[in-house]
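Colleague: Quick one, what's the 3D model for this:
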Amino acid sequence: MAGHVDNGRIAPYVPRLAVDWLGDEPQRRHRVIDGTAVFADISGFTALTERLAQRGKAGAEEMGDLLNQVFEQLLTAAYQYGANLIKWGGDAVLLLFDGDQHDLRACRASWEMQRVMRQIGRVQTSRGVVRLGMSIGVHSGPLDFFLVGQRHRELIVCGPGASTTAHMEKIAERGQVVISADTAQRLAPQCRGAEVADGGILLARAPEVDEAPNRTPKRTDVDIGALFCAPLREHLASEFRDHEHRVIAVGFIEFAGTDTVLAEHGPDVLADALDYLLTAAQDAAADNGVTILASDVAENGGKIIVTAGAPTATGEDENRVLGTVRRVVHPGGRLRLRGGVTCGAVFAGDYGPFYRRTYSIAGDIVNLAARLMAKAENGQVLATPTVVQRSRTAFQVSAVEPFLVKGKKDPITALLVGDQRRGESIRSRSTLPLVGRDDELDTLLRHARAAHDGRGSVVDLV
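Modeller: Residues are numbered from 1 along each chain as shown. Have a look, this model is predicted:
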């Protein structure tokens, strides 16, 4: 389990729910909270990252500033009505409202967030104007939460309530707030709009409700470092907060079937299944030097995102992430698993207002890894050819028919990655010695020793 770190530095990166849970009942794995969940997804950031990627480091700083501005205003509107940010997945957030009038406050906050987005959605950048939009799904009722994993505790949001929330967002169009029937029946008739597909109802008007600002500081008697894997915990505890444009490998692991397991076998069995999965992912990530960046919500399940190359550089990123995902994803078991892996340049950094932040990555390859995962079948891992070519570990691979994905004009080429090849655990590499460049090597070593002694400097490699 995690070693103790400075709570004050990393407190903004964790939800209050997880902090209180660790402090009150650290051994408990499942909780049901009667509340309202709000899932908000911003569109337009992918196009923005593609434009700013051409500017490298300068683009990363600009992207960071824009993300901070947008999310600070959106979260300010939500927190004014008592929101707690539970999950932050790139350009999407899952908010929890509980306590008195949680349904009214959640709907009012959603309405206010859309109002703010209409005001700030036209973004002027160094690469022209980008228009941002947002779709929001809302659901009220019992919500299931799990706190599982052995190396660190991961907060998982799943079950029927989470699935309904995610589905409401899925059917919401840009600029809309779609509420479930359970939420709609709690509102005054004038707030309920037209019905949309699959049981959703448009929020037609914001309910009248008093503000209930979320301003209470998080408790300080809990080691909240236990909520992060080691590489991420170390990064957040450091003073490094730059926004970067860097090349990484990223993998998505989807687990599905949680609603069925919960309904047929109960929360203890689902907690066992989630704990087994998260512990397996944590062990594989630790053995490969990979970061478990986050977990996210999905219909009837969830996602685990793993990275190498961010927040810290490791080398052999593709090999590390592909080995981690392939080790975890197998057919069988109570939960259905599938994965997608790719590599390339992303923006990486710490984003959000001072009271609620996240370390996240943004870029086209993040979306592509999620698309590859969604294309894979149960027990399968799909990866881009570049990932397989750069992996030192040799896997059995087979081609799949090129396919179209959302956001891409041309078909995607991917490989189905099977088990490791017997007798070919490591691809052969050149054994030629590194020769020459003695002066340059001496310079690097000299500066490395100085850095170890606390005298920092910058060396450019061209």
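
Colleague: With adjacent residues omitted, what lies nearest to the spatially most central residue of the chain?
Modeller: The centre of the chain sits closest to Gly89, judged by CA atoms, centre = their mean, with a distance of 3.5 Å. Once flanking residues are discounted, Gly89 sits nearest to Asp296: 4.1 Å by CB to CB, 6 or more residues apart in numbering. The way it works is simple: take the backbone N, C-alpha and C, and place the C-beta from them, glycine included.

Colleague: Check which helices and strands the helix or strand hosting the one you found is in contact with.
Modeller: Using DSSP states H and E, Asp296 maps to strand 291-298. For strand 291-298, the packing partners by 3 or more CB pairs under 8 Å, 6 or more residues apart in numbering; DSSP states H and E come out as strand 84-89, strand 154-158, helix 160-171, helix 230-237, helix 267-288, strand 301-308, strand 358-362.

Colleague: For the second one, what is the distance to the chain centroid?
Modeller: With CA atoms, centre = their mean, to the nearest Å as the basis, strand 154-158 stands 12 Å off its chain's centre.

Colleague: again with the first one
Modeller: Strand 84-89 has its C-alpha centroid displaced from the chain centroid by 9 Å (CA atoms, centre = their mean).

Colleague: Need the residues that contact it.
Modeller: Residues from elsewhere that reach strand 84-89 (CB atoms under 8 Å, 6 or more residues apart in numbering): 15-17, 37, 75, 78, 93-98, 155, 157, 214, 294-297, 303, 305, 352, 356, 358, 360.

Colleague: Give me the neighbour count for the residue nearest to Gly89.
Modeller: Around Asp296 there are 21 other residues, counting by other CB atoms under 10 Å.

Colleague: mind checking the SS state of Ala345?
Modeller: With DSSP: H, G, I helix; E, B strand; the rest coil as the basis, Ala345 sits in strand.

Colleague: residue contacts, it?
Modeller: Contacts of Ala345 (CB under 8 Å, 6+ apart): 53, 245-248, 363, 365.

Colleague: can you tell me which of those residues are in strands?
Modeller: By the criterion of DSSP state E, membership of the contacts of Ala345 in strands covers 245-248.

Colleague: Any idea what the residue nearest to the centre of the chain is bridged to?
Modeller: Using DSSP bridges, the bridge partners assigned to Gly89 are Ala92.

Colleague: For the nearest residue to Ala204 once chain neighbours are set aside, what is the enclosing helix or strand?
Modeller: In space, and not counting its chain neighbours, Ala204 is closest to Gly193: 3.2 Å by CB to CB, 6+ apart. Per DSSP H and E, Gly193 falls inside strand 192-195.

Colleague: Pull up the pairing partners for the next helix or strand after that strand, direction included.
Modeller: On the C-terminal side of strand 192-195, the nearest following helix or strand under DSSP H and E is strand 201-203. Neighbouring strands of strand 201-203 in its sheet, by DSSP bridges, are strand 177-179 (antiparallel), strand 192-195 (antiparallel).

Colleague: looking at those, which is buried most?
Modeller: strand 177-179 (a mean of 30; mean count of other CB atoms under 10 Å).

Colleague: Now the next helix or strand after that strand: average pLDDT?
Modeller: Once strand 177-179 ends, the next helix or strand along the chain (criterion: DSSP H and E) is helix 181-184. Average pLDDT, helix 181-184: 97.

Colleague: who does helix 181-184 touch, helix- and strand-wise?
Modeller: Applying 3+ CB pairs under 8 Å, 6+ apart, we find helix 181-184 packed against helix 102-120, strand 133-148, strand 201-203.

Colleague: Out of those, the one nearest Leu404 is which?
Modeller: With respect to Leu404, and counting by CB to CB, the nearest of the helices and strands packed on helix 181-184 is strand 133-148 at 21.9 Å.

Colleague: how far is that closest one from where the chain is centred?
Modeller: That offset, for strand 133-148, works out to 15 Å (CA atoms, centre = their mean).

Colleague: If you count neighbours, what's buried in it?
Modeller: 133-141, 143-148 (16 or more other CB atoms under 10 Å).

Colleague: Thr324 versus Pro385, what's the distance?
Modeller: As judged by CB to CB, to the nearest Å, Pro385 and Thr324 stand 19 Å apart.

Colleague: where are the low-confidence patches of the stretch 351-462 of the chain?
Modeller: 423-439, 442, 453, 462 (pLDDT under 70).
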